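>>> Pasting the sequence and the predicted coordinates here, then a few questions.
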Amino acid sequence: MTDLAERRGVETDVYQPAEDSHLLATVAAEQVGQDDLVLEVGTGSGYVAEHVATESGARVVASDLNPHACRSARERGVETVRADLVSPFRDDAFDAVLFNPPYLPTDESEAWDDWMEVALSGGETGRAVIDPFLRAVGRVLAPDGRVLLLVSSLTGVDEVVDTAATEGFSAAALRDESYPFESLTVLKLLR
Ligand SMILES: C[S@@+](CC[C@H](N)C(=O)[O-])C[C@H]1O[C@@H](n2cnc3c(N)ncnc32)[C@H](O)[C@@H]1O
């Protein structure tokens, strides 16, 4: 395990809820209503999906590439599909899509090769998963749907906002929190 992974306190095959998870879960629970159909991409342990469903009354479904994460989320009662990003879901399906992506910039020399890399590494820029997510997510959003995306200062909030604009989204920062190594922002993206 690299020091990056150790710094995040990750010791299992499944990303355990951390500051970023709590921030996204709290903000998302305030932003969705009980009639919304919500997708959490990259659900990990299922903590965010479960929290949002419990607090808002919304139906929340989830995806993750990691089969261990899918099992963990299902154990929490989250309907979870093993999938890449939003690929299996139908067009215009979701009122809200949530994502706490892998976002740590990772040199090739630092790369490790396990489910924690899938959970944490955003490639050299930190945006290797965020960029394809931004290209894909519009397809599954209902016409007035919104995206809640957790972004770190390590990843570059301005760069993410620029890519989102290229994909037709306007962005607003709903909440920021500062930590010793980074600040975290929840972006709300609307078309
Ligand atoms: C930073 S963790 C967040 C986990 C959880 N949502 C949370 O906030 O605690 C990122 C998650 O995204 C998943 N992931 C990474 N790439 C993915 C992809 N292309 N499609 C679906 N899930 C992906 C990882 O397996 C991991 O569970």
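Nice, thanks for sending it over. Numbers count the residues shown, from 1 in each chain.
>>> When you work out contacts or count neighbours from here on, use the C-alpha atoms and nothing else.
Will do.
>>> which residue ranges form the helices in this protein?
Assignment of helices within the chain using DSSP state H yields the ranges 3-7, 19-31, 47-56, 67-75, 115-120, 130-140, 157-166.
>>> What is the second one packed up against?
Contacting helix 19-31 under the criterion 3 or more Cα pairs under 8 Å, 6 or more residues apart in numbering; DSSP states H and E are the following elements: helix 47-56, strand 141-152, strand 183-190.
>>> what does that helix rub up against?
Residues outside helix 19-31 that contact it (Cα atoms under 8 Å, 6 or more residues apart in numbering): 47-49, 51-53, 55-56, 98, 100, 148-150, 174-175, 184, 186.
>>> got the angle between that helix and strand 183-190?
30 degrees (axes from the mean of the first three to the mean of the last three Cα atoms, to 10 degrees).
>>> Next, the buried residues of helix 19-31.
By neighbour count, and taking 16 or more other Cα atoms under 10 Å as the criterion, the buried residues in helix 19-31 are 20-21, 23-25, 27-29, 31.
>>> What mean pLDDT does that helix get?
Taken as a whole, helix 19-31 carries a mean pLDDT of 98.
>>> Tell me what angle that helix forms with helix 47-56.
30 degrees.
>>> For the ligand, tell me whether helix 19-31 is touching it.
Yes - contact of helix 19-31 with the ligand (Cα under 6 Å from any ligand atom) involves Ser21.
>>> Could you dump the helices of the chain into CSV and include distance to Pro105?
As requested, these are exported to CSV (distance: least, Cα to Cα, whole Å):
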stretch, distance to Pro105
helix 3-7, 10
helix 19-31, 16
helix 47-56, 23
helix 67-75, 22
helix 115-120, 9
helix 130-140, 12
helix 157-166, 13
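>>> for those, which one sits closest to Arg82?
With distances scored as Cα to Cα, the stretch of the helices of the chain nearest to Arg82 is helix 67-75 (6.3 Å).
>>> Please name the residues that touch Val147.
Taking Cα under 8 Å, 6+ apart as the contact definition, Val147 lies against 96-99, 187-190.
>>> one more time with 7 Å
Remark: with contacts taken as Cα atoms under 7 Å, 6 or more residues apart in numbering, Val147 is in contact with 96-98, 188-190.
>>> again with Ala142
For Ala142, the contact set (Cα under 7 Å, 6+ apart) comprises 92-95.
>>> per-residue confidence for the residue lying farthest from the centre of the chain?
Most distant from the centre of the chain: Ser109, at 25.2 Å, with distances by Cα atoms, centre = their mean. Among the per-residue scores, Ser109 holds a pLDDT of 72.
>>> Over to the one 3 residues further on?
Residue-level confidence at Trp112 comes out at 70, pLDDT.
>>> how far away is it from the ligand?
14 Å (Cα to the nearest ligand atom, to the nearest Å).
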